[in-house]
Structures are given as structure tokens and as C-alpha cells.
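K.L.:
Starting from these lines, generate the structure:
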Amino acid sequence: MERRHQTRSLTNTPTRISYEPLGIVSAHIRNFSQNGLFIELDSAKLKINHTVEIIAESPSYMRAIPPVKAIIVRNTPKGIGLSFLEPCPRLIDTLSSL
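P.N.:
Just a heads-up that it's a prediction; the model follows:
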């Protein structure tokens, strides 16, 4: 049963996440909405309910995006589902424009 309240938009955007036990990990954002996103990576060591920081790199012609805090709400063999801890319009605007 679908529980999402926001429409997801597809993307294939490289990013990095900071996860306390592992440090900084490279990944790809596969889809996003106003409330969260799905990141494809080796998720074996990432735990649900732990906080991560998304370190998105904006194109050089755009303003820098500050790191975004999110909580892991889903863990699959392909990656993790994240829910933003606070609104992040600059990240969403950047992903929407790519």
C-alpha cells in the first residue's frame, strides 16, 4: 500500500552522505519529493532511525546547498529512503532543475 503524500520525481544525481559510523559515503539520488528522497548505495551498514547528512553538490552556476539532515526510514538491498528533518527548498529546487 502506498503511504507517500507527495509525488516523487526521478533523478540520477550523484551525492554524498555523512553517516556517523561510516564517515562520508558516495551515492546517487534516484528520486525525491518535498518530504524526502531515495538514495542508491550499499545500505548493509546503515540503520533505520539513524540520522544522516546529505552533502549535495550544486552546479557551479547555482548557489551552494547547505548540508541537509534526514532520518533513515527505509532500508532496502538497493539503498535507503530518507525523510527530511526540516524543509530544504534549495535542495529540492536544485534537483528539480537538473
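K.L.:
all contacts plus neighbour counts: C-alpha atoms, from now on.
P.N.:
Noted.
K.L.:
Give me the below-cutoff pLDDT ranges for the chain.
P.N.:
1-5, 60-62 (pLDDT under 70).
K.L.:
Can you tell me what sits against stretch 11-27?
P.N.:
28-32, 39-41, 46, 51-57, 95 (Cα atoms under 8 Å, 6 or more residues apart in numbering).
K.L.:
Now go through those residues and say which are in strands.
P.N.:
Under the assignment DSSP state E, the contacts of stretch 11-27 contribute 28-32, 39-40, 51-55 to strands.
K.L.:
need those in CSV with distance to residue 78, can you?
P.N.:
Below are the ones in strands among the contacts of stretch 11-27 laid out as CSV (distance: Cα to Cα, whole Å):
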residue, distance to residue 78
28, 11
29, 12
30, 10
31, 13
32, 15
39, 8
40, 6
51, 19
52, 17
53, 19
54, 17
55, 20
